[in-house]
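Q: I would like to see how this sequence folds:
(one chain, ligands or ions: 1)
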Amino acid sequence: MNKRDPIEDLADLRHEFGEHGGVNMSIEASTTFTVIDPHTMPDLFEGRKGPDKGCYLYGRHFNPTVFNLGRQMAALESTEAGYCTASGMAAISGTVLCLCDAGDEVVASNAMYGGTFAFLHDFLPAKTRIRTRFVDITDLDAVANAITDKTRLLITESVSNPTLRLANIPQLANIAQRRGVSLVVDNTFSPFVLRPAVLGADVVVHSITKFISGASDVIAGAICGSDAFIGELMDLHTGPLMLLGPTMDPGIASALSLRIPHLPLRMAAHGERALEICRRLSALGLAVSYPGLPEHPDHALFDELCCPDFGYGGVFTLDLGDEEAANALMSSLQNEQRFGYLAVSLGYFDTLMSCSGSSTSSEMSDEGKQEAGISPGLVRVSIGYTGTLEQRWNQLLAALKETGIVE
Ligand code: PLP
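A: Below is the predicted model of the structure:
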């Protein structure tokens, strides 16, 4: 783990210029690579040579452009290495499959993205006999008690989707370390805002699809961890990424690398807009939840763990009690007021809204949703930064009035 400022590390990487001195890195379009000396081929296959020595073998293994984006992701998360994948789910599933063998156990937060939940709850036991115990990640005793001799990893989102509870990463890292399990943190909601590896996580995963991309046009993911762990993921015999093949396209890697330089500005802009809107919603007496509000249960912990320059993230929730009221508000916000879009996902430059219980958390049982605090009327809002604050606030207020939520 590297404690330097990620912005400085990223600036250093941008000083490695493109093939012809271009200010941006070149796109390597080849899927296969020549060796001048035939003896290099066995060296590559047996892992004695690799991209760290400028030697490439095959694009599903390592591609120079994708490898470089991985280095940028490692700089962003202050880890030794990073590897980019075709989706966030590929990053999560590859990580879990790398750390666990058949019959092992996982301890997971009971409030995670529905796809992650389904992978752990349904897919893994059926296909691999890997079983997961779900716990309230804010209850550190429950976490410690759920770990058994079979547990290989503890997995949580830094900020839970959609309930916005903050994982106490240093305390979870303590527990994980004492019990000899790896701590994996999904930092999709809070790039730059939280630095899980600096706080003690062993592996950080991302859905790049969200804030890092920022334009809702690309599905992508990343795994950040030690050199040894990335090596294991890419092992020719047992590496889940190498063998299952969720490979990122080099053209996509190049496009994404051009968005990382303005990611800190975008995170700060999302956070600033979210905080002000949430303050105003709270002043109206509405059931708004956002880590930046003093009444949020993890506000003080967030202040302790976060990097203050980037705000409290771009997602908040508004609980409208029932799904009908939630749908009426979202419909007015999209179709009458043009405040944002009724769509899943997050991290877009415009606002996205969805009712989590019936969309991105619908994989969970009603009981599971209740335990995690996902009520039927909970609207998750990923706030954009387009337009001005006052324009957007007037649209939101008009929709709240039109649907009778405020007078
Ligand atoms: N992690 C979180 C927190 C998410 O919200 C999502 C998707 O919504 C994912 C992972 C999965 O990412 P992807 O859709 O890129 O596979």
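
Q: okay, now Met41: neighbour count?
A: By the criterion of other CB atoms under 10 Å, Met41 has 12 neighbours. (C-beta placed from N, C-alpha, C; glycine too.)

Q: OK, contacts around it?
A: Contacts for Met41 (CB atoms under 8 Å, 6 or more residues apart in numbering) come out as Val35.

Q: and the pLDDT for it?
A: Looking at Met41, its pLDDT is 94.

Q: which one is the one residue in the chain that gets nearest to the ligand nearest to, not counting chain neighbours?
A: With CB to the nearest ligand atom, the shortest gap between the chain and the ligand falls at Gly88, namely 2.4 Å. In space, and not counting its chain neighbours, Gly88 is closest to Ser207: 2.5 Å by CB to CB, 6 or more residues apart in numbering.

Q: surely Leu329 meets Lys401?
A: No - with contact defined as CB atoms under 8 Å, Leu329 and Lys401 do not form a contacting pair (10.7 Å).

Q: tell me the contacts of the closest residue to Glu323 other than its chain neighbours?
A: Among residues not flanking Glu323 along the chain, Pro376 sits closest, at 4.7 Å (CB to CB, 6+ apart). Counting by CB under 8 Å, 6+ apart, Pro376 touches Asp322, Glu323, Ala326, Cys355, Gly357, Ser358.

Q: again, only using 7 Å
A: Asp322, Glu323, Gly357 (CB atoms under 7 Å, 6 or more residues apart in numbering).

Q: count of neighbours near the last one?
A: It refers to Gly357. Neighbours around Gly357, by other CB under 10 Å: 24.

Q: list the contacts of the residue nearest in space to the middle of the chain.
A: With distances taken as CA atoms, centre = their mean, the residue of the chain nearest its centroid is Thr188 (1.7 Å). By CB under 7 Å, 6+ apart, the contact list for Thr188 reads Gly88, Glu157, His206, Ser207, Lys210.

Q: name the SS class of it, please.
A: When classified by DSSP: H, G, I helix; E, B strand; the rest coil, Thr188 comes out as coil.

Q: please name the nearest non-neighbouring residue to it.
A: According to CB to CB, 6+ apart, the nearest residue to Thr188 is Ser207 (4.4 Å).

Q: report the contact partners of the one you found.
A: Ser207 touches Gly88, Thr188, Gly221, counting by CB under 7 Å, 6+ apart.

Q: distance of the second one relative to Leu97?
A: In this case it means Thr188. 19 Å (CB to CB, to the nearest Å).

Q: next one: the last one
A: As for Gly221, its distance to Leu97 is 14 Å (criterion: CB to CB).

Q: more neighbours: those two, which one.
A: Shown here are Gly221 and Leu97; by other CB under 10 Å, Gly221 has more neighbours (29 against 21).

Q: tell me the SS of the residue lying closest to that one once chain neighbours are set aside?
A: Among residues not flanking Gly221 along the chain, Ala91 sits closest, at 3.5 Å (CB to CB, 6+ apart). Here Ala91 takes the helix state, with states given by three-state DSSP.

Q: let me know whether Ala91 touches Ile223 as I believe.
A: Yes - the pair Ala91 / Ile223 is scored as a contact, 4.8 Å apart, by CB atoms under 7 Å.

Q: joint contacts of the two?
A: Thr85, Val205.

Q: quick one, what contacts Cys98?
A: Glu232, Leu233, Pro240.

Q: for those residues, which single residue is the most surrounded?
A: The most crowded member of the contacts of Cys98, judged by other CB under 10 Å, is Leu233 (24 neighbours).

Q: just the pLDDT at the nearest residue to Phe33 once chain neighbours are set aside, thanks.
A: Excluding the flanking residues, the one nearest Phe33 by CB to CB, 6+ apart is Tyr56, at 4.2 Å. Tyr56 is assigned 95 on the pLDDT scale.
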